[in-house]
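*Asks:* 3D, please:
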Amino acid sequence: AIVRDDVVNAMRVREDSAFIRDAGSESTPKGLRYWANAANVTEANGTASVQNTFTDLGKLIQKLLDANIPMLAPAFIIAPRVEIFLKTLLYSATGIPVFRDEMAAGRLMGYPYASTTNVPTNLNTSGAGTNDESEVYFVDMAQAVIGESMNLIVDASQEAAYTDGSTVVSAYDRDQTVIRAIAEHDFGMRHDKA
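*Replies:* Okay, here's the model as predicted:
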């Protein structure tokens, strides 16, 4: 049961990663980042403030509204670091949390949100050289389509070899059992502006 749960969790994390950030090459689906219409990708204001945060989040919502997206199941997807930033953001004059109560109910700017470590926090899109930028996604999830094969392949071997970084490791030499699970998926957006 422990091994099964570990395999299921690893598959869940990898699928999450693929549907968010994979580029659609080398037998992987194209994730949200690469389905996004170029006009929908905007840079946030470089100065962190309550007003700039509201403005930047509002820009994301406005992009979908301007494209006449039905907004049937809109949601934000953010990194845990961004979630903590938003939950601890205070109005400077009063010290009252801006989003904490709303986010405790699972919402941001009135819409549901999800937090995942598969949204990177080490980007450098501004050219500042800091490699500490992240992304915030606002997506009408009703426009997302997942194709999934019902065939799940699970193999176990005590003779297999695997790569650990750049080193090939023999399961036989280490007295290990290697378990491999293969699931086939595809992902797409009905409208790239969603």
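
*Asks:* which is the next helix or strand following the strand ranked longest in the chain?
*Replies:* Criterion DSSP state E: the longest strand present in the chain is strand 144-157. Once the chain leaves strand 144-157, the next helix or strand it forms, by DSSP states H and E, is strand 161-164.

*Asks:* partner strands of the helix or strand following that next one and their direction?
*Replies:* Using DSSP H and E, the helix or strand that follows strand 161-164 in sequence is strand 167-170. Applying DSSP bridges to the sheet, strand 167-170 is found paired with strand 161-164 (antiparallel).

*Asks:* may I have the strand it pairs with exported as PDB, CA atoms only?
*Replies:* This file holds the C-alpha atoms of strand 161-164, laid out as PDB (Å, rounded to 0.1, in the frame of the first residue of the first chain):
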ATOM      1  CA  ALA A 161      18.800  -0.300 -14.400                       C
ATOM      2  CA  TYR A 162      17.800   3.300 -13.900                       C
ATOM      3  CA  THR A 163      19.500   6.700 -14.100                       C
ATOM      4  CA  ASP A 164      20.100   8.600 -10.900                       C
END
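
*Asks:* from here on, count from 8
*Replies:* Sure thing, new numbering starts at 8, so read that last one as strand 168-171.

*Asks:* quick one: residues in contact with that strand.
*Replies:* Residues from elsewhere that reach strand 168-171 (C-beta atoms under 8 Å, 6 or more residues apart in numbering): 175-178, 185. The C-beta positions use only the backbone N, C-alpha and C, and glycine is treated the same way.

*Asks:* still on that earlier bit, how far out from the middle of the chain is the longest strand of the chain?
*Replies:* With C-alpha atoms, centre = their mean, to the nearest Å as the basis, strand 151-164 stands 20 Å off its chain's centre.

*Asks:* repeat that for stretch 99-108.
*Replies:* Taking the mean of its C-alpha atoms, stretch 99-108 sits 27 Å from the chain's own mean (C-alpha atoms, centre = their mean).

*Asks:* quote the end-to-end distance of it.
*Replies:* 17 Å (C-alpha to C-alpha, to the nearest Å).

*Asks:* distance check, the residue of the chain positioned farthest from its centre against Ile186.
*Replies:* Relative to the C-alpha centroid of the chain, counting by C-alpha atoms, centre = their mean, Asp180 is the outermost residue, at 37.3 Å. For Asp180, the distance to Ile186 equals 17 Å [C-beta to C-beta, to the nearest Å].

*Asks:* one more: Arg88?
*Replies:* Per C-beta to C-beta, Arg88 is found 32 Å from Ile186.

*Asks:* where do the helices sit along this protein?
*Replies:* For the chain, the helices defined by DSSP state H cover 9-28, 39-42, 57-73, 87-95, 107-111.
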